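1. I would like the atomic coordinates for the input below:
(chains A, B, C and D, ligands or ions: 6)
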Amino acid sequence: MSAPATVRVDAAVLENESEGGPNRRLRLDVGAAWPDSAPGQFVMLSPGALPAAVRWDPLLPRPMAVFRREGAALDVLYKVTGRGTALLAAAQPGERVRTVGPLGCGFPEPAPGARIALVGGGTGIASVFDLAVRARARGPVTALLGARRAEELMAVAAFRALGVDLRLATDDGSAGQRGLVTELLAQVLSEGVDAVYACGPTPMMQRAAALAAAAARPCFLSLENRMACGFGVCLGCAVPRSAPGYALVCRDGPVFEAASLRVDGLP
Amino acid sequence: MSAPATVRVDAAVLENESEGGPNRRLRLDVGAAWPDSAPGQFVMLSPGALPAAVRWDPLLPRPMAVFRREGAALDVLYKVTGRGTALLAAAQPGERVRTVGPLGCGFPEPAPGARIALVGGGTGIASVFDLAVRARARGPVTALLGARRAEELMAVAAFRALGVDLRLATDDGSAGQRGLVTELLAQVLSEGVDAVYACGPTPMMQRAAALAAAAARPCFLSLENRMACGFGVCLGCAVPRSAPGYALVCRDGPVFEAASLRVDGLP
Amino acid sequence: MIPEEVDLSVELAGVRLRNPVLAASGTFGYGLEFEPFFDLRELGGFVAKSLTLEPRHGNPPPRIAEVAAGMLNSISLENVGVEAFLREKLPRLPAGVAVVASVFGTEIEQYAEVCKRLTGAPGVVALEVNASCPHVKSGGIEFGQDPRVLATLVRATRAATSLPLLVKLSPNVTSVAEMARVCEGEGADGLSLINAVQAFDVDPETRRPVLWNGLGGLSGPAILPIALRMVWQAARAVKLPICGIGGIATAADAVKFLLVGASAVQVGTANYLNPLAALEVRDGLAAYCARHGVARVADLRGALDFPGR
Amino acid sequence: MIPEEVDLSVELAGVRLRNPVLAASGTFGYGLEFEPFFDLRELGGFVAKSLTLEPRHGNPPPRIAEVAAGMLNSISLENVGVEAFLREKLPRLPAGVAVVASVFGTEIEQYAEVCKRLTGAPGVVALEVNASCPHVKSGGIEFGQDPRVLATLVRATRAATSLPLLVKLSPNVTSVAEMARVCEGEGADGLSLINAVQAFDVDPETRRPVLWNGLGGLSGPAILPIALRMVWQAARAVKLPICGIGGIATAADAVKFLLVGASAVQVGTANYLNPLAALEVRDGLAAYCARHGVARVADLRGALDFPGR
Ligand SMILES: Cc1cc2nc3c(=O)[nH]c(=O)nc-3n(C[C@H](O)[C@H](O)[C@H](O)COP(=O)(O)OP(=O)(O)OC[C@H]3O[C@@H](n4cnc5c(N)ncnc54)[C@H](O)[C@@H]3O)c2cc1C
Ligand SMILES: Cc1cc2nc3c(=O)[nH]c(=O)nc-3n(C[C@H](O)[C@H](O)[C@H](O)COP(=O)(O)OP(=O)(O)OC[C@H]3O[C@@H](n4cnc5c(N)ncnc54)[C@H](O)[C@@H]3O)c2cc1C
Ligand SMILES: Cc1cc2nc3c(=O)[nH]c(=O)nc-3n(C[C@H](O)[C@H](O)[C@H](O)COP(=O)(O)O)c2cc1C
Ligand SMILES: Cc1cc2nc3c(=O)[nH]c(=O)nc-3n(C[C@H](O)[C@H](O)[C@H](O)COP(=O)(O)O)c2cc1C
Ligand code: FES
Ligand code: FES
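-> Numbers count the residues shown, from 1 in each chain, chains lettered A, B, ... in the order given. Ligands and ions are numbered 1, 2, ... in the order given. All right, here's what the predicted structure looks like:
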């Protein structure tokens, strides 16, 4: 696959609205020339709207999955967790957010007819949505979404609207099954699944990889690492390969076949 | 004079509107407990509204004269010149600006019946307004205001509403007399004035001091120095006294009798 | 403001402090300037502006400038002199305020003499020898940057006072560990670090240095990771208690310094932008301890989780 | 984008560069990564990621963290090795890109060998000896921090190549002027400074260092005033041309470095947040010259207005 074009745009905020709980949806006008992206690709966003005068703190952009693209509009679903996302949450329509992308290598296309399970934990839900959109035409999709509480579950309505087999889990049982989303995965694997695609917190992905391996199913992980550049030059997003050495999440991933990584060494 | 109380409040922005050209008026809700201030006193304002998450750049607060106080509302007139004021200009109603004050020692009260000349250049106009308000009940006030262009002249309408003798000068003649405001001062001194009160760029104040000295009239200067703290602890705002050593603009001023300073050594 | 159950008191160089939050020299005046904002006894203490034998006028303006997440200064140690401090400043402070007096001189004999005069002054609980001022040509930079000169200075000031003696180190050195060992060897009771980092800035429009003096000291949040590194290195090199300084503006910042081995901290530049900064650091520290089940703040000292290092 | 009348070309260590704006080692990959964003020939050149004799894997994660107006890194010199660079990276660059190859090793012989292999490679216009990497225990820190070791390193690499030789200095020293003089004495053709400043940060919630390695290098706008100070000091100590590095993100920043004596500049961390940063610095520099009536950007070198100093 030849790498798609990458651009930098200072994209105007079209909408920036609460999605319930700590989650928000940011809609950016990235322009008509914005390159197409594959499911699982991401963008780097400035930590907050570009200010009226230069201010260097916080400094680094934040990686965010492309949730949806509609013409010149690009949607990102994000959770307010720290400084960068708190400042992004304050961005007003009309302000601009520096956007670099699309970046990284997305999910491989599922084989036609394959039954696939998507596992999204927390902010990882945003990373698997576009895959669900594209994969459901090719074969049966089961989407397993998990979070701490009901209000932290992202994009449930959007998944529901897709008509995929949707199952939820929350730590406190406030939505779907009480417990971890990987418990749902264990169930679904026993029902019969050809491949697993997961994004979420490290322990979730480690467990998903173990379950898929035990069931002898391929497992693709989309990693949510800290990043400085997003395009392979800072070497900051390294994760250990199963072979000696490191892979770069932003360049070689964010999607990896689980077997290619030393998943117990993920940060 | 016993120093008035000084407080720190995170004041809500009530209004933040253009006053034409680069000038704006910021109205802050400082609360009813805000101490009374004397003409010429100032506040330190955070460089922009307090952000949704800590950001340390720019770091230092900016000194601004108290333009007007009405109950819990405090008005500041400011010119957008650099980073801090550009960020202040972006502050939205409802956001908060950290405000420390009132600070410094203001203008001495004019003697009853004394004919006084106020000279305001650029942002210095804001510093002499409150003196005009209070002094006009005590004796005849002539206000001389200068700036580069008409649109940079601050608070002309407010001075006009006071009914004081008002004369304008601009570098390009777009309002009032073409030339420097100190040329107006020379005229007015020759017409008869008992004391001069001036605030503006250093060359303007040096010239005002020289003119007043030549006319053997007392001259009070309000200085617009760079400051870090505003209350006498960083020693950053030093200006040379005519006696050896330095005075602190924030603590010993911002108003000084011109003769007490080495005005040619002002930064 | 302080949860009942948390013991905030610490010992620093033999002095029992109410809590580990002090204000740094040169950023807190003589204490009096902060009385409008809060009761000084709420802090662990404060370090007064560095004192010389004679009053000093300092540098011409401009003396300060803003840089990314920090500021530059070249005050050059303007101060009222030790006598005026003892006569006019110290007596006006309320009883119960722990004052650390900071000492500076251009000759070692001057340092020693100032130490002598401060010893026994009511309220002065310790001395801090400023061996590290980065902008005085004939002074601080050499004392704190040369291990032999530093040794002589510590020896002389040590001999001049019975008060607990803290030495404030310069960050402008290849090895802060070496300097820390020198101080330990010469009988210092503790270390304070870091002072401002030597720096320079230029106005591209005027082509002039932003400071009259050209060179100045960089302080504020920008230097925090450098300061933390040096405190960590010094804490591994010596047994002396350390007062951590550099860019501290929040309780989280203070916790970091304690974790890498500081016994107490000083809030500096943050006092300028927020006169309540030191108090808020104190309150936040108490809240941190309560949230994390830390009964005594002193238990945080060196509690970094960094196995093998 | 460049006003016709401004001559942006400069000479650095005997190399004529289209303009004085380069990209810094470790922040620009092998150049290829920036091809989606702009034509690499628009820059004065770039310094490739430091190369060792053998490929290196680098440190485990976390390798980076954000701090006030800056970032920390402890990559520990992961690179493809000199052979893969010559075989796979260099040939893919368009002709006309001025490549400075950066060299690193854990032994002086390794440095020298890498220099040898790079000499004569098409497109490589100069070598930069990384004597200053702040986070490799057995490597950079000692080379750049000890004048004797540095002298040996410069001598060996000087003998190993006929290419112009730049030495990249560590900021973690008491006297950068001393190190600059050492390089001049051993026949270096120029200096690059500064590398990242040794630093440390801690997560107060986990009590762990934010980096796997603990120590890391601080870079970004936070270090600009420190870098500017060191370039100013080095420029007064030696006649060698200097490539100024540290926190440069705008044309105004670049102008500052030229004014204190740099012949060229390198944009580092800013490339991460803005892949067009170096290009924008170049354009802004041209605009600055046009606005100030500067006909040749080279005339800005050392044009600081600081009489008497
Ligand atoms: C490829 C990719 C796609 C992503 N897609 C999304 C998305 O669509 N929606 C979304 O909400 N988030 C997404 N993330 C995660 C997102 O980048 C982080 O949540 C965000 O950077 C946090 O920034 P902050 O400034 O708010 O938090 P910070 O203040 O930086 O950090 C808050 C806390 O989170 C930790 N932290 C910061 N970044 C990370 C990280 N990447 N991984 C683990 N811990 C971290 C910090 O150490 C700190 O404890 C994605 C990450 C990657 C790499
Ligand atoms: C007591 C006092 C009262 C003041 N009252 C007012 C007021 O009512 N309204 C108002 O608009 N301004 C007033 N000022 C001036 C105001 O503080 C500065 O204009 C403001 O700090 C500039 O901030 P900035 O971040 O926008 O500019 P910066 O980015 O800091 O600077 C822009 C340019 O101005 C220079 N500069 C910055 N501060 C000063 C300064 N204090 N003096 C001279 N040059 C400076 C910088 O070097 C730079 O070239 C007052 C100053 C003082 C000391
Ligand atoms: C304006 C200013 C003046 C200072 N004066 C002194 C001083 O007199 N003596 C001293 O030991 N340190 C002095 N310092 C250094 C501070 O005490 C502190 O070590 C340094 O600023 C780093 O801490 P910070 O980043 O919290 O400010 C001064 C710092 C500033 C900013
Ligand atoms: C992630 C990262 C990796 C770096 N790798 C190298 C390197 O391999 N060789 C080198 O000489 N400098 C390296 N540097 C240092 C930079 O080239 C530069 O000297 C330093 O970051 C200061 O400049 P800046 O503030 O503009 O980033 C690296 C810096 C960063 C941030
Ligand atoms: S984020 Fe920079 S290399 Fe991956
Ligand atoms: S501004 Fe700090 S002493 Fe005046």
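2. contacts and neighbour counts: CA atoms only from here.
-> OK.
3. for the chain, what are the low-confidence residue spans?
-> Because you didn't say which chain, this covers chain A. A:1-4 (pLDDT under 70).
4. not quite, I wanted chain C
-> Those would be C:1-3, C:133-141, C:308-309, if you go by pLDDT under 70 across chain C.
5. tell me the secondary structure for the closest residue to ligand 4 within the stretch 151-300 of chain C?
-> Proximity of the stretch 151-300 of chain C to ligand 4 (C-alpha to the nearest ligand atom) peaks at C:Ala222, 12.2 Å away. Three-state assignment for C:Ala222 (DSSP: H, G, I helix; E, B strand; the rest coil): helix.
6. doesn't D:Ala69 make contact with it?
-> Yes. C:Ala222 lies in contact with D:Ala69 (C-alpha atoms under 8 Å); the separation is 6.5 Å.
7. need the overlap of contacts for these two.
-> By C-alpha atoms under 8 Å, 6 or more residues apart in numbering or on different chains, C:Ala222 and D:Ala69 have these common neighbours: C:68-69, D:222.
8. so which of those residues comes closest to D:Ile194?
-> Using C-alpha to C-alpha, D:Ala222 comes nearest to D:Ile194 of those, at 12.8 Å.
9. OK, contacts around the closest one?
-> Contacts of D:Ala222 (C-alpha under 8 Å, 6+ apart): C:67-70, C:222-223, D:68-70, D:247.
10. count the residues that sit near the closest residue to A:Arg136 other than its chain neighbours.
-> What sits nearest to A:Arg136 in space, not counting adjacent residues and going by C-alpha to C-alpha, 6 or more residues apart in numbering or on different chains, is A:Val164, at 7.0 Å. A:Val164: 16 surrounding residues under other C-alpha atoms under 10 Å in any protein chain shown.
11. can I assume A:Val164 is in contact with A:Leu144?
-> No. A:Val164 is beyond contact range of A:Leu144, at 10.2 Å (criterion: C-alpha under 8 Å).
12. and the helices in the stretch 151-267 of chain A, which stretches?
-> All helices of the stretch 151-267 of chain A, identified by DSSP state H, counting those that start in this stretch, fall at A:156-162, A:181-191, A:202-214.
13. which residues touch the residue nearest to A:Arg136?
-> A:132, A:136, A:140-143 are the contacts of A:Val164 under C-alpha under 8 Å, 6+ apart.
14. again, 10 Å this time
-> Residues in contact with A:Val164 (C-alpha atoms under 10 Å, 6 or more residues apart in numbering or on different chains) are A:132-133, A:135-136, A:140-143.
15. one more: A:Phe231?
-> Contact partners of A:Phe231, counting by C-alpha under 10 Å, 6+ apart, are A:6, A:43-44, A:100-104, A:248-252, D:29, D:33-34, D:272, D:275.
16. among those residues, name the buried ones.
-> Buried by 16 or more other C-alpha atoms under 10 Å in any protein chain shown: A:6, A:43-44, A:100-104, A:248-252, D:29, D:34, D:272, D:275, out of these.
17. so the residue of chain A found nearest ligand 6, which of the three states?
-> Going by C-alpha to the nearest ligand atom, ligand 6 is nearest to A:Arg55 of chain A, at 22.2 Å. The three-state label given to A:Arg55 by three-state DSSP is coil.
18. what ranges do the strands span in the stretch 1-150 of chain C?
-> C:10-12, C:15-17, C:21-23, C:45-47, C:64-67, C:70-73, C:99-103, C:124-130 (DSSP state E, counting those that start in this stretch).
19. out of those, deepest packed?
-> When those are scored by mean count of other C-alpha atoms under 10 Å in any protein chain shown, the highest mean neighbour count falls to strand C:21-23 (a mean of 29).
20. tell me the strands beside that strand, with direction?
-> Using DSSP bridges, the strands paired with strand C:21-23 are strand C:45-47 (parallel), strand C:264-267 (parallel).
21. would you map the helices across chain C?
-> C:82-84, C:108-118, C:140-145, C:147-160, C:176-185, C:224-237, C:251-259, C:270-273, C:277-291 (DSSP state H).
22. hang on, the earlier thing: need the strands paired with strand C:21-23 in CSV with distance to ligand 4, can you?
-> Output for the strands paired with strand C:21-23, formatted as CSV (distance: least, C-alpha to the nearest ligand atom, whole Å):
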stretch, distance to ligand 4
strand C:45-47, 33
strand C:264-267, 26
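23. got CSV for the ones you listed, with distance to D:Ser50 too?
-> Formatted as CSV, the strands paired with strand C:21-23 follow (distance: least, C-alpha to C-alpha, whole Å):
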stretch, distance to D:Ser50
strand C:45-47, 45
strand C:264-267, 38
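24. make TSV out of the strands of the stretch 1-150 of chain C and add distance to D:Glu186.
-> As requested, these are exported to TSV (distance: least, C-alpha to C-alpha, whole Å):
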stretch	distance to D:Glu186
strand C:10-12	48
strand C:15-17	52
strand C:21-23	47
strand C:45-47	46
strand C:64-67	36
strand C:70-73	35
strand C:99-103	42
strand C:124-130	37
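25. how much space separates A:Ala12 from chain D?
-> Here A:Ala12 is placed at a distance of 17 Å from chain D (C-alpha to the nearest C-alpha, to the nearest Å).
26. could you do A:Ala150 as well?
-> 25 Å.
27. relative to its centre, which residue of the chain is most distant?
-> Using chain A. A:Ala53 (31.3 Å; C-alpha atoms, centre = their mean).
28. hmm, I had chain C in mind actually
-> No residue in chain C has its C-alpha farther from the mean C-alpha position than C:Glu205, which lies at 34.8 Å (C-alpha atoms, centre = their mean).
29. list the contacts of C:Val231.
-> C:176-177, C:180, C:191-194, C:225, C:237, C:242-246, C:257-258, C:260-262, D:200.
30. which ones among those also lie next to ligand 3?
-> By C-alpha under 6 Å from any ligand atom, the members of the contacts of C:Val231 lying near ligand 3 are C:194, C:245-246.
31. from these, pick the one nearest A:Pro61.
-> For the ones next to ligand 3 among the contacts of C:Val231, the nearest to A:Pro61 is C:Gly246 (25.9 Å; C-alpha to C-alpha).
32. quick check on the closest one: phi, psi?
-> phi 140, psi 100 (degrees, to the nearest 10).
33. and it, how many neighbours?
-> Neighbours of C:Gly246 (other C-alpha under 10 Å): 32.
34. now swap in the one 10 residues further on and tell me
-> Here the neighbour count serves as a burial measure; for C:Lys256 (other C-alpha under 10 Å) it reads 30.
35. how many neighbours does residue 35 have?
-> Looking at chain A here, since you left the chain open. 14.
36. the chain in question should be chain C.
-> 13.
37. tell me the contacts of it?
-> B:5-6, C:93-94.
38. list the contacts for the residue farthest from the centre of chain C?
-> D:252, D:255-256, D:288, D:292.
39. D:Val100: which of these is nearest?
-> D:Val255 (21.7 Å).
40. number of nearby residues for the closest residue to the closest one other than its chain neighbours?
-> Using C-alpha to C-alpha, 6+ apart and skipping the chain neighbours, the partner closest in space to D:Val255 is C:Pro204 (6.3 Å). Applying other C-alpha under 10 Å, we find 20 other residues in the vicinity of C:Pro204.
41. need the contacts of C:Glu35 in TSV (columns: distance to A:Ala214).
-> Shown next, in TSV, are the contacts of C:Glu35 (distance: C-alpha to C-alpha, whole Å):
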residue	distance to A:Ala214
B:Ala5	72
B:Thr6	69
C:Leu93	72
C:Pro94	71
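42. cool, thanks, signing off.
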